[in-house]
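Chemist: build me a model from this:
(chains A, B, C and D)
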There are 2 protein chains.
Amino acid sequence: MDINVRQPRSFVAVAKLGSFTQAAAALHVSQPTLSVQIRRLEESLGLWLFDRNPRSVALTRMGRELLPALERTLQDLESLLSDARDVASERRGVVRIAALPSFAAGILPDVIGGFRGQNPGASFALKDVIASRVLALIRSEEVDLGLTGGDVSFPDIETIFAARDEMSVVYPESHPIGTQRRITACVLAKYPLVMMDQGTSVRAVTDLAFNRAGLLPAPASEATYMMTAIGMVRAGIGLTILPTSAREIFAEPSLRSRKISDNNFARPVALIKKAHRTLPPLSRLFAEFLQANRRGLFAGNRP
Amino acid sequence: MDINVRQPRSFVAVAKLGSFTQAAAALHVSQPTLSVQIRRLEESLGLWLFDRNPRSVALTRMGRELLPALERTLQDLESLLSDARDVASERRGVVRIAALPSFAAGILPDVIGGFRGQNPGASFALKDVIASRVLALIRSEEVDLGLTGGDVSFPDIETIFAARDEMSVVYPESHPIGTQRRITACVLAKYPLVMMDQGTSVRAVTDLAFNRAGLLPAPASEATYMMTAIGMVRAGIGLTILPTSAREIFAEPSLRSRKISDNNFARPVALIKKAHRTLPPLSRLFAEFLQANRRGLFAGNRP
DNA sequence: TTATATCCATAGAGTTTCTCTATCGCTGCC
DNA sequence: GGCAGCGATAGAGAAACTCTATGGATATAA
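Modeler: Numbers count the residues shown, from 1 in each chain, chains lettered A, B, ... in the order given. This is a model prediction of the structure:
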């Protein structure tokens, strides 16, 4: 009563080759095996699929009508399983990841490019969203991985690794700050500053860092997007302070940047996933890839 | 490495019910059986389909992506097999039959109607063609059964049963032949006759029968189709001689018919199939039905 | 016509796979 | 902290599968 996948497969092979012996050779089984399998299938269906003469094998009309549909369905099934095996073996797959816009525009494109160089079958679905959306997307399992700032500690979220994203000051190439030996909060406070808007994680970090240094520099200007702040620096409005990981964004011929020598000018970074959930193989591989390269991507690491 | 149909079925059940225990109950197997099957499937694919916590079972993303396609393919397969079982159990099917036009228009519609009364799932593909086409259609397996005249004896054609199709004379109700006690060749030859065209099997039989009686009546008129001959009879041109099996065709209020009491006025009839070929279940059933009713359909039988 | 070769069916043995019962380990709840 | 519920595991018995060896039937060739 129960059908095995091998039975339809044998049926299709015998029907196409018109011979039990040839089909047996093609499927790398013995001829009696095929005889038995086809008989089982016929018994299970309750009808004859072949008319056997010692000199020829011919499909009955029932067999002829069953063949094309069965073959198509069988191919569907096998391609499904084959696709799944491709996914399993990291040959193919979609990595779904949500990241803060600075990471999405800054380090991730290069990282993804490097990863795809080693894994050509990988494709990416990258969402650039604010931190709270990263968490929501992880929770709803719309993405597998999240790259976000801040300290993440929830029971349903697992941190794969954490790092520190140290900050750099961006300035025009002729700016006098370029001559300073070390960049500290005090040095920065001497110059007009273009600051990120209130509510961004970058602003929260810089405000806290200046505060700890007992300073309260007033912004010469504010910007919502990093590109805007950089434009203002280029226009000579002031310096700006951005995460080093966004260096791809502020790499311009007329601008320079230097890391700030103050541990407070750094934000925590974490690669996260949903707790107790298995990552798709390529997503797991990409997480490992990120972790292996984290020293080059972020300035520092945390325990 | 090899996939059983039961494994995807189990996967779909667990995914839909969200529980191994409930799925086991739904499939009428024990819970460990399901655990093992899903594990086998996961091993075969090389990836995890479920994240198991003692309190909940959740699909991984791979499982979630595999589920809809796998379920559809599985349903395709099962409906295919279920259809095949319907055909096998004579619940459903197409009976393909080729018949001479006289049978196709005469007896077959009623027989088919009676058969469908008992087998509502039967549908018919009925081809009305000349005798040589009947053989060709049987040989090419475009039809399963053939109802034809003449003696059929070829090695690749099998006669299911043979009968004699006795002939009747058709005349207007007031015609003097109606008063004859017995209709013989001599009686027929006294009246003007509308004969079927040369080349039809009916003409061949009547010519031979008259010839054996030492008669050679000249046709008052000739017709290719039975309906034409009947029209001529209605118009008073003459009598006509037609197979009794075509009685449905010449059953008109103004006409009468009587069987001819001469064994020569009969043509052999045979229900045939291709030799060494299995009939579809419903076609076999219909052949048996025809054979069981052959006394009522044809006037006589042959050994 | 007879001999032969080819092809599918069958039988029996050995192996693998499957399914069951019994039981364990873990988590969440009262 | 004990209890209930759920899935995993182990081991035994049963079923299914595949193999080799062989039989029966037919078309080809001598």
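
Chemist: what residues are up against A:Gly171?
Modeler: Check again: residue A:171 is Tyr, not Gly. By CB atoms under 8 Å, 6 or more residues apart in numbering or on different chains, the residues touching A:Tyr171 are A:Ile177, A:Gly178, A:Val233, A:Leu239, A:Leu255, A:Arg256, A:Ser257. Using the backbone N, CA and C atoms, a C-beta is placed for each residue, glycine as well.

Chemist: the fourth one: how many residues sit nearby?
Modeler: Close neighbours of A:Leu239, defined as other CB atoms under 10 Å in any protein chain shown, add up to 24.

Chemist: that older thread, of the contacts of A:Tyr171, which ones also sit close to DNA strand C?
Modeler: Here nothing survives when the contacts of A:Tyr171 are matched to DNA strand C using CB under 7 Å from any atom of the strand.

Chemist: can you list which of those residues are found in helices?
Modeler: In this view, the contacts of A:Tyr171 that belong to helices under DSSP state H are A:Val233.

Chemist: most neighbours among the contacts of A:Tyr171, which one?
Modeler: The most crowded member of the contacts of A:Tyr171, judged by other CB under 10 Å, is A:Val233 (26 neighbours).

Chemist: whatever residue of the stretch 101-250 of chain A ends up closest to DNA strand D and DNA strand C: what is the separation?
Modeler: DNA strand D sits closest to A:Pro155 of the stretch 101-250 of chain A, with a gap of 17.2 Å, by CB to the nearest atom of the strand. As defined by CB to the nearest atom of the strand, to the nearest Å, A:Pro155 lies at a distance of 9 Å from DNA strand C.

Chemist: please apply the same query to A:Ser245.
Modeler: 35 Å.

Chemist: who in the stretch 51-200 of chain A is up against DNA strand C?
Modeler: Contact residues (CB under 7 Å from any atom of the strand) of the stretch 51-200 of chain A with DNA strand C: A:Arg52, A:Pro54, A:Arg55, A:Val57.

Chemist: and with 6 Å instead?
Modeler: Within the stretch 51-200 of chain A, the positions lying close to DNA strand C (CB under 6 Å from any atom of the strand) are A:Arg52, A:Pro54, A:Val57.

Chemist: closest one to B:Arg40 out of the contacts of A:Tyr171, please.
Modeler: The closest of the contacts of A:Tyr171 to B:Arg40 turns out to be A:Ser257 (CB to CB; 55.8 Å).

Chemist: for the longest helix seen in chain A, what is the distance to the chain centroid?
Modeler: Longest helix of chain A, by residue count under DSSP H: helix A:61-88. Relative to its chain's centre, helix A:61-88 lies at 31 Å (CA atoms, centre = their mean, to the nearest Å).

Chemist: now swap in stretch A:202-217 and tell me
Modeler: Remark: stretch A:202-217 is offset 33 Å from the chain centroid, using CA atoms, centre = their mean.

Chemist: coming back round to it: excluding covalently adjacent residues, which one is nearest to the residue of the stretch 101-250 of chain A closest to DNA strand D?
Modeler: Using CB to CB, 6 or more residues apart in numbering or on different chains and skipping the chain neighbours, the partner closest in space to A:Pro155 is A:Ala275 (6.8 Å).

Chemist: distance of the one you found from DNA strand C?
Modeler: Using CB to the nearest atom of the strand, A:Ala275 is found at 10 Å from DNA strand C.

Chemist: before we move on, the earlier item: what packs against the longest helix of chain A?
Modeler: Of the remaining helices and strands, those touching helix A:61-88 by 3 or more CB pairs under 8 Å, 6 or more residues apart in numbering or on different chains; DSSP states H and E are helix A:6-17, helix A:281-292, helix B:31-45, helix B:61-88.

Chemist: follow-up on the earlier one: reformat the residues of the stretch 51-200 of chain A next to DNA strand C as JSON lines; add distance to B:Ala98 and neighbour count.
Modeler: As requested, these are exported to JSON lines (distance: CB to CB, whole Å; neighbours: other CB atoms under 10 Å in any protein chain shown):
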{"residue": "A:Arg52", "distance to B:Ala98": "26", "neighbour count": "14"}
{"residue": "A:Pro54", "distance to B:Ala98": "29", "neighbour count": "5"}
{"residue": "A:Val57", "distance to B:Ala98": "25", "neighbour count": "20"}
